[in-house]
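Enquirer: My questions concern the predicted model and sequence given below.
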Amino acid sequence: TSREDDNKTTTMKALCRKILLLSLSTSSSASAAAAHDASSLVSSGLRNLGNTCYMNAQLECAFHIPLVRDIVRNPPKGGKSQGLKALQTLFSDMEVSAARHKTASAPIGLCRSLGIPVMEQQDSQEFWKLLLPVLKVPALTDLYQGAYEDYISAVDGSARERRREEPFLDLSLEVTRPCALDALSEMFGTPELLSEAEGNGWRPEKGADKVDALKGSLLRAQGLPSLLQLHLKRFQYDWQHDSTSKLNTRFSFPAELDMTDICSGTKKWEEESAVYDLQSIVIHVGQYGSGHYYSYVRPDVRNDLWYRFDDDRVTEVSFKEVVKDAYGGKTVGEEKQKVKQSMFKRLFGGGSYGWGGSQSSAYMLQYVKRSDVKALYDS
């Protein structure tokens, strides 16, 4: 059946991805010492050329995955795009600066090759999704690309259904839910009922009568990528007022993301491939159409050492500081605090908000599949 064929295709893609990861990590691994140096490398930051903070934040997240750097430097199929050449030069400069503790690198060449107007603010999520195809490096895209299944199924017992595999580079989550797991459960959980009586039934084929049907999406463990990006839908359009605003409500996410219960039909041997560790976060501070981006990155997910990369300013931070800045909204129990805080607290960060203030919150989350950590970091 078509459903079985789709499952086989997804499984085969997952197997091919695994083989590619193993071959890349094996062929490029010179020694255990070299692998340790690669995973412990900390960028010296990137210069903001005007309004390029959105780009800098995403590049720091990618740069601190050793296998990503290796693929950019030596693509398996020899990518030749101008964008790739410029990114190779930038990553090489960032590696030298990090190793020698030099000043921040400038992404001038990358901006020129991609035609990026440096004084124009862009969306950090859109930038990354547009950059990957431009680089024309399938091995790099494969690290980020997963797939889920959209379906519509008649409930009249006729077995009529339509299923389609949908590739993704990130999953967009509603921040109106309290946390990432709830938002994922809603996205891949209970299907929507298309009711013929209410005028929105499903027409299985042209000319056929509409019928009641279930519409939903399924995520399977074999469709999960090595690097999972979650896009938090902070910007929402108001049709009534024809305006877009930012939702800075509190939205929490775990350091360890277990997708086992989110995925459908997960087998025992697949459970390990559904567990992720938080590697980096892109923060947006400000309102829609303006503001600033920066990122928090854990250069090696096997330890708890975090850094804030705010363009050319690099600061070591604790994970407690990270989540305080990234969750958005008010901290739990804030309503019980005194409304009037001392001047000392307001000046020196003793308040309820994180480093970016009351308008900062996570916009992108990047997780690393735990079963692929060796391949991604020991390269």
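Expert: Good, I have the coordinates.

Enquirer: Contacts only, for Leu41.
Expert: 64, 66, 95, 98-99, 299 (CB atoms under 8 Å, 6 or more residues apart in numbering). For the C-beta atoms, the positions are set from N, CA and C on the backbone; glycine is no exception.

Enquirer: Which of these sits closest to Glu166?
Expert: His64 (28.6 Å; CB to CB).

Enquirer: so what's the closest one up against?
Expert: 41-43, 279-280, 297-299.

Enquirer: would JSON lines of the contacts of Leu41 with pLDDT and distance to Ser153 be doable?
Expert: JSON lines is the format used below for the contacts of Leu41 (pLDDT from 0 to 100; distance: CB to CB, whole Å):
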{"residue": "His64", "pLDDT": "98", "distance to Ser153": "42"}
{"residue": "Pro66", "pLDDT": "97", "distance to Ser153": "43"}
{"residue": "Glu95", "pLDDT": "96", "distance to Ser153": "51"}
{"residue": "Ala98", "pLDDT": "94", "distance to Ser153": "52"}
{"residue": "Ala99", "pLDDT": "91", "distance to Ser153": "55"}
{"residue": "Pro299", "pLDDT": "97", "distance to Ser153": "45"}
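
Enquirer: Who wins on neighbours among these?
Expert: If you count neighbours using other CB atoms under 10 Å, the busiest of the contacts of Leu41 is His64, which has 28 neighbours.

Enquirer: Quick check: that one vs Leu278, distance?
Expert: Distance of His64 to Leu278, given as CB to CB, to the nearest Å: 13 Å.

Enquirer: Let me see the contact set for Glu272.
Expert: 370-371 are the contacts of Glu272 under CB under 8 Å, 6+ apart.

Enquirer: Could you confirm it falls within a strand?
Expert: No: according to DSSP: H, G, I helix; E, B strand; the rest coil, Glu272 belongs to no strand; its state is helix.

Enquirer: what distance separates stretch 63-80 from the middle of the whole chain?
Expert: With CA atoms, centre = their mean, to the nearest Å as the basis, stretch 63-80 stands 18 Å off its chain's centre.

Enquirer: hang on, the earlier thing: just among the contacts of His64, which is most surrounded?
Expert: Going by other CB under 10 Å, Ser280 tops the contacts of His64 with 29 neighbours.

Enquirer: Now do the same for it: helix, strand or coil?
Expert: strand.

Enquirer: so who does it touch?
Expert: 60-61, 64, 295-298, 365-366.

Enquirer: All the helices of the stretch 101-250 of the chain, in order from the start?
Expert: 108-114, 124-135, 138-144, 180-187 (DSSP state H, counting those that start in this stretch).

Enquirer: between the contacts of Leu41, which is closest to Leu173?
Expert: His64 (22.9 Å).

Enquirer: ok so, going back, can you put the contacts of His64 in CSV and add distance to Leu143 and secondary structure?
Expert: Output for these, formatted as CSV (distance: CB to CB, whole Å; DSSP: H, G, I helix; E, B strand; the rest coil):
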residue, distance to Leu143, secondary structure
Leu41, 18, coil
Val42, 21, coil
Ser43, 19, coil
Gln279, 12, strand
Ser280, 14, strand
Val297, 16, strand
Arg298, 17, coil
Pro299, 17, coil
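
Enquirer: now these as CSV including distance to Arg234?
Expert: Output for the contacts of His64, formatted as CSV (distance: CB to CB, whole Å):
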residue, distance to Arg234
Leu41, 30
Val42, 28
Ser43, 25
Gln279, 20
Ser280, 17
Val297, 20
Arg298, 22
Pro299, 26
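
Enquirer: Looking at the residues you listed, which is nearest Leu90?
Expert: So of the contacts of His64, ranked by how close each gets to Leu90 (CB to CB), first place is Ser43, at 10.8 Å.

Enquirer: Look up how far Glu186 lies from that closest one.
Expert: Ser43 is 36 Å from Glu186, by CB to CB.

Enquirer: Can you name the next helix or strand after the lowest-mean-pLDDT helix or strand in the chain?
Expert: Lowest on mean pLDDT, DSSP states H and E among the helices and strands of the chain sits helix 343-347, with a mean of 45. Using DSSP states H and E, the helix or strand that follows helix 343-347 in sequence is strand 360-369.

Enquirer: and that next one with helix 180-187, angle?
Expert: Here the directions of strand 360-369 and helix 180-187 differ by 80 degrees (axes from the mean of the first three to the mean of the last three CA atoms, to 10 degrees).
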